[in-house]
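K.L.:
Output the structure for:
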Amino acid sequence: MGKPTGFLEIERHDRGYAPVAERLKHWKEFVEPLPQAELQQQASRCMSCGIPFCHQGCPVNNQIPDFNDLVYRDQWRDALDNLQSTNNFPEFTGRICPAPCEASCTLNIPDTPVTIKSIECQIIDRGWEEGWVTPQPSERGTGKRVAVVGSGPAGLACAQQLARAGHATTVFEKSDRPGGLLRYGIPDFKMEKHLIDRRIRQMEAEGVIFRCNFEVGVDVSVQRLLDDYDVLVMANGAEDPRDLNAHGRDLDGIHYAMEFLTQQNKRNAGDPEDVAAPTGTLSAKGKHVVVIGGGDTGSDCIGTSNRQGAASVVQLEIMPQPPEHENKALTWPDWPLKMRTSSSQQEGVERDFAVATRRALGQDGRVTALDCARLEWVAGDDGRMQMREIEGSAFELKADLVLLAMGFVGPRKSGLVEQSAVELDARGNVKANVQDYRTSDARIFACGDARRGQSLVVWAIREGRQCARAIDAHLMGVSKLPR
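P.N.:
Numbering: from 1, shown residues only. Below you'll find the predicted structure:
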């Protein structure tokens, strides 16, 4: 424990943001890191609890009290080694993870958790600045070949661990650049893409081969990969978006969130408009935008819309507004349901809760408004609580652009999933257990969102690492990869 009285003497102080008016002018990250001395003070607040509940909150099993202590003692290189022993990509989680570790922190009981996410992010950022993050190639190869389908966080973590174990690993990505939703789902203002590019360079130096513009199940068959490789990993994510089941859904101006977000990320990458938007440009400039869905994807749509110059942005959530504060006695150390406001929501949006979209209204084939109604929870005939429209609560909402950010229902069922013929679970995800991540086909493994459904980047990294460990044990008999 670095400073036994640190949590008593030092108040919580986290990273700040650039002013809204300033950050809306660009697409760069706008988080303002703490000075090193102040970050070390924040690390000293860690109580090094006898039972570190932050471990329960962190899916990748980061040794949080350990690296907090090392940062406090100014032992940054050791802190980096500790962090990288459990997390392949701390610069990703340090930017876009919601930090369930902080929710589980003992100091979160009085709402003053240790700034774990900020400390993690600045450890890895300093590691890159100092040149401490280098390729870790295997000393010798095993002669085994693995095909990883998908280059999101699960696929990248799995591929990196396998390459470091000496297996010849190839990542197949259907898009033109690797990264999955890290690349084309998360806006640049939350995570700039040079962070992905330098990790790809590191992995290539470790022996990983990337094949982009190469869709398994379309450009190459699953059977061909099974003929050429010892093992196939399905890390293809959960890309099947939940649709809006309402009259008028086919009107122009109603789009899935990923269509909208991907276009802007491609523009930011320097792609010409015909490449960024091959089916037509989607822009919020001068439009009244309605985002349906209250999660992270919806928040990303808000930030992107405001930067494009939307006339107004409204966000609709079908669930009731959560409480401002959770009941710690009932929720801690678990992730609580409470009202949260993202940095994008702070930039300008009207939020409305417990609202259902009944139909889309249009003129000349294009959406002009949404017909909505308010909802309430009532007990059904079977005693279960269900949501019901409040009589007389209907209202219209002006809409020139409607973005559907209602989550994802699992992996796409065509191509890879169809050809592999692996068994799916009741939710439509690829069925694989968490002991060996093996599917109904003994040579096909699955991890990340393809297996567990839409989830967090930190869970994807965990599953990629664990899956690699299972594959290594399958190929070599005993795995020496870290958990």
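K.L.:
A157: what's its closest spatial neighbour, skipping adjacent residues?
P.N.:
Computed as CB to CB, 6 or more residues apart in numbering, the closest residue to A157 that is not its neighbour in sequence is G464, at 3.0 Å. C-betas here are computed from N, CA, C, even on glycine.
K.L.:
Repeat that for P137.
P.N.:
Leaving aside its chain neighbours, P137 sits nearest to E206 (4.8 Å; criterion: CB to CB, 6+ apart).
K.L.:
From the contact counts, what lies against the host helix or strand of the residue nearest to A157?
P.N.:
Using DSSP states H and E, G464 sits in helix 457-476. For helix 457-476, the elements it packs on are helix 90-96, helix 153-164, strand 231-234, strand 444-446, helix 449-452, judged by 3 or more CB pairs under 8 Å, 6 or more residues apart in numbering; DSSP states H and E.
K.L.:
now with 6 Å?
P.N.:
With contacts taken as 3 or more CB pairs under 6 Å, 6 or more residues apart in numbering; DSSP states H and E, helix 457-476 sits against helix 90-96, helix 153-164.
K.L.:
before we move on, the earlier item: how close does the residue nearest to P137 get to P135?
P.N.:
Per CB to CB, to the nearest Å, E206 is found 5 Å from P135.
K.L.:
Same question for Q40.
P.N.:
Distance of Q40 to P135, computed by CB to CB: 29 Å.
K.L.:
now do D300
P.N.:
D300 sits 32 Å away from P135, taking CB to CB as the criterion.
K.L.:
buried residues in the top strand by length along the chain?
P.N.:
Counting residues, the longest strand in the chain under DSSP state E turns out to be strand 366-379. Neighbour-count burial for strand 366-379 flags V367, T368, A369, L370, D371, C372, A373, R374, L375 (criterion: 16 or more other CB atoms under 10 Å).
K.L.:
Reformat these as JSON lines; add distance to V149 and pLDDT.
P.N.:
What follows is the buried residues of strand 366-379, written out as JSON lines (distance: CB to CB, whole Å; pLDDT from 0 to 100):
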{"residue": "V367", "distance to V149": "36", "pLDDT": "98"}
{"residue": "T368", "distance to V149": "41", "pLDDT": "98"}
{"residue": "A369", "distance to V149": "42", "pLDDT": "98"}
{"residue": "L370", "distance to V149": "37", "pLDDT": "98"}
{"residue": "D371", "distance to V149": "41", "pLDDT": "98"}
{"residue": "C372", "distance to V149": "40", "pLDDT": "98"}
{"residue": "A373", "distance to V149": "42", "pLDDT": "98"}
{"residue": "R374", "distance to V149": "43", "pLDDT": "98"}
{"residue": "L375", "distance to V149": "40", "pLDDT": "97"}
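K.L.:
Need the max-distance pair from those residues.
P.N.:
T368 and L375 (23.4 Å; CB to CB).
K.L.:
which one of Q40 and P135 has more residues nearby?
P.N.:
Q40 (20 against 13; other CB atoms under 10 Å).
K.L.:
How about the secondary structure of the more buried one?
P.N.:
For Q40, the secondary-structure state derived from DSSP: H, G, I helix; E, B strand; the rest coil is helix.
K.L.:
Verify the contact between it and D69 for me.
P.N.:
No. Applying CB atoms under 6 Å, one finds Q40 not in contact with D69, separated by 10.6 Å.
K.L.:
Would you point out the helix or strand in the protein whose mean pLDDT is lowest?
P.N.:
Every helix and strand of the chain was ranked by mean pLDDT, DSSP states H and E. The lowest is strand 385-389, at a mean of 91.
K.L.:
Quick check: buried residues in the helix or strand following it?
P.N.:
Counting by DSSP H and E, the next helix or strand C-terminal to strand 385-389 is strand 395-398. Buried residues in strand 395-398, counting neighbours by 16+ other CB under 10 Å, are found at L397.
K.L.:
what does stretch 138-148 give?
P.N.:
Along stretch 138-148, these residues count as buried under the neighbour rule (16+ other CB under 10 Å): T142, K144, R145, V146, A147, V148.
K.L.:
In a markdown table: those, plus distance to Q160.
P.N.:
Listed next are the buried residues of stretch 138-148 as a markdown table, based on distance: CB to CB, whole Å:
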| residue | distance to Q160 |
| --- | --- |
| T142 | 15 |
| K144 | 16 |
| R145 | 16 |
| V146 | 12 |
| A147 | 15 |
| V148 | 10 |
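K.L.:
Same list, the residues you listed, but as TSV with pLDDT, secondary structure and distance to V434 please.
P.N.:
Output for the buried residues of stretch 138-148, formatted as TSV (pLDDT from 0 to 100; DSSP: H, G, I helix; E, B strand; the rest coil; distance: CB to CB, whole Å):
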residue	pLDDT	secondary structure	distance to V434
T142	97	coil	24
K144	98	coil	23
R145	98	strand	25
V146	98	strand	19
A147	98	strand	21
V148	98	strand	18
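K.L.:
those helices in the stretch 151-300 of the chain, which residues are they?
P.N.:
Ranges of helices within the stretch 151-300 of the chain are 153-164, 181-184, 194-205, 222-228, 257-268, 273-276, 296-308, based on DSSP state H, counting those that start in this stretch.
K.L.:
Sweet, I'm off.
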